[in-house]
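A.B. asks: generate a structure from the sequence data that follows.
(chains A and B, ligands or ions: 2)
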Amino acid sequence: MTPATPRSSTFTALSRWKVLTPHFSFSRWWGMVIKELLQLKRDRLTFAMIVGIPIMQLVLFGYAINSDPKRLPTALVLGESTFLTRSLEAALRHSDYFRVFAVTDEAGARQALALGEAQFVVSIPADFTRRALRGERPALLVEADATDPTATAGALAALSGVVASTAEREFTGPLARLRGVPEPFAVITHRLYNPEGLTHYNIVPGLLGVILTLTTVMMTGLAITRERERGTMENLLASPVSPLEIMCGKIVPYVLIAHIQVGIILLFARLLFRVPFAGDAVAFYAGALLFITANLGVGVTLSSLAKNQLQALQLTVFYFMPNILLSGFMFPFAGMPAWARAIGEVLPLTHFNRVVRGVLLKGNGWPEVWPHLWPMGLFFLIVLTLAVRFFKRTLD
Amino acid sequence: MSADRGATPAIDVRDLTKHFGGRKVVDKVSLRVERGEIHGFLGPNGSGKTTSIRLMCGLLTPDSGSGTCLGFDILKESAAIKRRVGYMTQKFSFWEDLSIRENLAFTARLYGMKNRNQAVEAAIENLGLAGRADQLAGSLSGGWKQRLALAACMLHEPELLLLDEPTAGVDPTARRDFWDELHKLAARGISVLVSTHYMDEAERCHKLAYIAYGRLMATGTAREIAAAQGLHTLAVHGTGLSALAEALQNAPGVSQTVMFGAELHVSGQDRDALLSAVRKVADAHEIVETETGLEDAFIHLMNQAQDNFKAPS
Ligand SMILES: Nc1ncnc2c1ncn2[C@@H]1O[C@H](COP(=O)(O)OP(=O)(O)OP(=O)(O)O)[C@@H](O)[C@H]1O
Ligand SMILES: [Mg+2]
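C.D. replies: Residues are numbered from 1 along each chain as shown, chains lettered A, B, ... in the order given. Ligands and ions are numbered 1, 2, ... in the order given. A predicted model of the protein is given here:
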């Protein structure tokens, strides 16, 4: 008995897996896809929702949303090391607005900006202290990732304060003559990617992901409970179709629909808000595909957990909230506490937001997009496994 | 999976039990349906027919009990069972927003049929719906929905049909055609378990099972079940039969009275007591001793079940 136990338990585990997925049949899966498409074609309301919701929300939120963030990641480039630069660094580190996460060189700083790791790069040039002491008003260079303009505006104002207080602290005694107006050093700012600091540039690409999250999760969220409530699930369950075939069959048509939505939103973003599309379109659509599929998977999972359509809707809202709040859409991701970022990193919307902003505004391509693809893919696989696991194969 | 699956009974289940929310809905039901047999499944509303059928095709998991369908274990091999069984649900469960043809084509795909288009067109032809195949299923009348469901569940040529009130709401001609078709299928070795509330349909089954309050009360041929009740039945003709029925209801020796149009059936287990009781009140009526019918037997079984379990449903 005892020696056989481990083997038999592996066997039961295997056979259980086989019960879950009794060899995927493309014919049955394709049957599901066709059925869903036909039903979708006749469901006017869903169709109206698919076209209407994106446009409505884009217009509504595109004009309305604003925010005021803190503790933004900042890279520091030091051209020299003197009492003055050390003091400036300390003041930066103490300010609420900045979080100095790296002291690096020119190239490293650029990279951090492009990857979205840094919101700001503050550069103190060589010779800074000497020129300041001579009263030549040397300049501090601040480069800002202005794709999130509200974050940038507040931080630039805060930087003036940092500079003024440093001057007040350091230029005492004989140096006091350097204090006062105009200040002993200037601040030059470069707004990158969004030189005019348009809020729309941040909000509108962000809305793309938010709108897609809402509509995709809802579309599939209702898909399985609807079968259950109409009594047609009994028919499906009595047939040889497997849970995986049902779920994949229900996801595929909506992948197409969601891509239509992407097209609509990008078009309106361009027409209404003049949002550019600077980067690699193929990389962008790869991101969109994974993002959409992952969310459709969430919908199917919620759907198989819920007892009825109302419950499915409630679960959808429950999933929607953290997406809105923790994905970097509402508040700059870098400004959130660690636990919130940890949750945010799991959500597909967080990664998709980075892809969208990166490709649309920063002109990013595959190298920058790739790190955000696999987390979405992994998310989808885990979610689909859960969905298959929790799918009720009987009417009990 | 045994090699001689063909020799096993179509259905062979033992002691199936199912609870819903602490209530026993199916109670130790054992049933055997041979190959090529049409087995009727009767019982009052809420007696557990639908639940029993769902247990057999793997749509519900029994709390206890075991068995096989077409030689496959109902607990472990439901995938194999589903491929070979045609199950028609009591409530219409096809897609109302798909047309007749689309519903049939989808069903054919689910069962991985090779000659799909051919089978679908043949089914439409058989249904006599050739002109309306593109009509949405939701817009069909009740009887036509029923006939569509029936055609769909037979599409993949199953070895066993589980039909849950397939002819409810279907007109007499279509019903007769349907039963002729069932007998043709049975002659080819296809087995059928069919639930019904119609007596004429019960009479056309090879065998019957009667269930009440989740318990199997009787099985056998119509004749066997009728005989097993040990009832003697008198047919009373004449006028004022409902008043007569009222008067006889609680008379000694009378266990039940059943109206059949112009005829009143009075049954009891003791023949002499029955005769004297009827003679006492029905002096101006014609009284003929008759064979106890299936309906008499079922009503007797139901009353018995009520007395035994008294569980309000
Ligand atoms: N999913 C369920 N949850 C709770 N109770 C159920 C469920 N399905 C059936 N029941 C109960 O089980 C009992 C038997 O129901 P079932 O549908 O099997 O009866 P039936 O013999 O098919 O009746 P009918 O002739 O009306 O179709 C009923 O009392 C019903 O209320
Ligand atoms: Mg029923």
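
A.B. asks: so stretch B:78-94, near ligand 1 or not?
C.D. replies: Yes. Stretch B:78-94 lies within reach of ligand 1 by CB under 6 Å from any ligand atom, at residue B:90. Backbone N, C-alpha and C define where each C-beta goes, glycine included.

A.B. asks: are that stretch and chain A in contact anywhere?
C.D. replies: Yes. Stretch B:78-94 is in contact with chain A by CB under 8 Å from any CB of the partner chain, via B:79, B:82-83, B:85, B:87, B:89, B:91-94.

A.B. asks: the closest residue to ligand 2 within chain A and residue B:59, how far apart?
C.D. replies: Using CB to the ion, the closest approach of chain A to ligand 2 is made by residue A:234 at 12.0 Å. Per CB to CB, to the nearest Å, residue A:234 is found 7 Å from residue B:59.

A.B. asks: pick out whichever of those two has more residues nearby.
C.D. replies: More neighbours surround residue B:59 than the other of residue A:234 and residue B:59, with 23 against 19 (other CB atoms under 10 Å in any protein chain shown).

A.B. asks: what residues are up against the nearest residue to that one once chain neighbours are set aside?
C.D. replies: Leaving aside its chain neighbours, residue B:59 sits nearest to residue A:395 (5.2 Å; criterion: CB to CB, 6 or more residues apart in numbering or on different chains). Applying CB atoms under 8 Å, 6 or more residues apart in numbering or on different chains to residue A:395 gives the contacts A:233-234, A:237, B:54, B:59-60.

A.B. asks: take the residues of stretch B:78-94 next to chain A and keep only those in strands.
C.D. replies: If you go by DSSP state E, the residues of stretch B:78-94 next to chain A have B:85, B:87 in strands.

A.B. asks: compare the residues of stretch B:78-94 next to chain A and tell me which has the most neighbours.
C.D. replies: In terms of neighbours by other CB under 10 Å, the residues of stretch B:78-94 next to chain A top out with residue B:85 at 28 neighbours.

A.B. asks: per-residue pLDDT, that one?
C.D. replies: You'll see residue B:85 listed with a pLDDT of 95.

A.B. asks: same deal with the one 5 residues further on?
C.D. replies: Predicted confidence (pLDDT) at residue B:90: the value is 93.

A.B. asks: same question, the one 10 residues further on
C.D. replies: At residue B:100, the model reports a pLDDT of 95.

A.B. asks: let me see the contact set for the residue nearest to it when sequence neighbours are not counted.
C.D. replies: Closest residue to residue B:100 apart from its sequence neighbours, by CB to CB, 6+ apart: residue B:133 at 5.0 Å. The neighbours of residue B:133, taking CB under 8 Å, 6+ apart as the test, are B:99-101, B:124.

A.B. asks: ok so, going back, and which of the contacts of residue A:395 is nearest residue A:103?
C.D. replies: The shortest approach to residue A:103 among the contacts of residue A:395 belongs to residue A:233, at 60.3 Å (CB to CB).

A.B. asks: count the residues that sit near that closest one.
C.D. replies: Other residues near residue A:233 number 19, with proximity taken as other CB under 10 Å.

A.B. asks: go on, residue A:274?
C.D. replies: Counted with other CB under 10 Å, residue A:274 comes out at 11.

A.B. asks: please, which helix or strand holds residue A:144?
C.D. replies: strand A:139-145 (DSSP states H and E).

A.B. asks: neighbouring strands - and their directions - for that strand?
C.D. replies: strand A:120-124 (antiparallel), strand A:186-192 (parallel) (DSSP bridges).

A.B. asks: what about the longest one, distance to the chain center?
C.D. replies: Yep, that's strand A:186-192 we're talking about. Offset of strand A:186-192 from its chain centre (CA atoms, centre = their mean, to the nearest Å): 27 Å.

A.B. asks: coming back round to it: ranking the strands paired with strand A:139-145 by burial, who's on top?
C.D. replies: Of all the strands paired with strand A:139-145, strand A:120-124 has the most neighbours on average by mean count of other CB atoms under 10 Å in any protein chain shown, namely a mean of 24.

A.B. asks: what's that strand in contact with?
C.D. replies: Outside strand A:120-124, the residues within contact range by CB under 8 Å, 6+ apart are A:72-80, A:85, A:88, A:92, A:98, A:106, A:109-110, A:112-113, A:140-145, A:152, A:155, A:159.

A.B. asks: with just CA atoms, put it into PDB.
C.D. replies: This file holds the C-alpha atoms of strand A:120-124, laid out as PDB (Å, rounded to 0.1, in the frame of the first residue of the first chain):
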ATOM      1  CA  PHE A 120      13.000  63.700 -13.100                       C
ATOM      2  CA  VAL A 121      16.700  64.000 -13.800                       C
ATOM      3  CA  VAL A 122      18.400  66.800 -11.900                       C
ATOM      4  CA  SER A 123      21.900  67.600 -13.200                       C
ATOM      5  CA  ILE A 124      24.400  69.700 -11.300                       C
END
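
A.B. asks: buried sites along stretch A:266-279?
C.D. replies: A:266, A:268-269, A:273, A:275, A:279 (16 or more other CB atoms under 10 Å in any protein chain shown).

A.B. asks: chain center to that stretch, what's the gap?
C.D. replies: 18 Å.

A.B. asks: and if you look at stretch B:98-118?
C.D. replies: Using CA atoms, centre = their mean, the mean C-alpha position of stretch B:98-118 is found 27 Å from that of the whole chain.

A.B. asks: only alpha carbons, please: show that stretch as CSV.
C.D. replies: Output of stretch B:98-118 as CSV, limited to C-alpha atoms (Å, rounded to 0.1, in the frame of the first residue of the first chain):
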residue,chain,number,x,y,z
LEU,B,98,-29.7,31.6,-32.8
SER,B,99,-31.7,30.3,-35.7
ILE,B,100,-32.9,26.7,-36.0
ARG,B,101,-30.1,26.0,-38.5
GLU,B,102,-27.4,27.7,-36.3
ASN,B,103,-28.5,25.8,-33.2
LEU,B,104,-28.3,22.5,-35.1
ALA,B,105,-25.0,23.4,-36.7
PHE,B,106,-23.5,24.4,-33.3
THR,B,107,-24.7,21.2,-31.7
ALA,B,108,-23.1,19.2,-34.6
ARG,B,109,-19.8,21.0,-33.9
LEU,B,110,-20.0,20.3,-30.2
TYR,B,111,-20.2,16.6,-30.9
GLY,B,112,-17.4,16.8,-33.5
MET,B,113,-19.6,15.4,-36.3
LYS,B,114,-17.9,14.9,-39.6
ASN,B,115,-20.8,15.0,-42.0
ARG,B,116,-22.1,18.1,-40.3
ASN,B,117,-23.9,20.0,-43.0
GLN,B,118,-25.6,16.9,-44.3
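
A.B. asks: just say helix, strand or coil for the residue nearest to residue B:59.
C.D. replies: State at residue A:395, reduced to three classes by DSSP: H, G, I helix; E, B strand; the rest coil: coil.

A.B. asks: against residue B:91, how distant is it?
C.D. replies: Counting by CB to CB, the separation of residue A:395 from residue B:91 is 12 Å.

A.B. asks: now do residue A:107
C.D. replies: As judged by CB to CB, residue A:107 and residue B:91 stand 69 Å apart.

A.B. asks: which of the contacts of strand A:120-124 are buried?
C.D. replies: With burial judged by 16+ other CB under 10 Å, the buried subset of these is A:72-78, A:85, A:88, A:92, A:98, A:109-110, A:112-113, A:140-145, A:152, A:155, A:159.

A.B. asks: can you tell me which of those are in strands?
C.D. replies: Judged by DSSP E, strands contain the following of the buried ones among the contacts of strand A:120-124: A:72-78, A:98, A:140-145.
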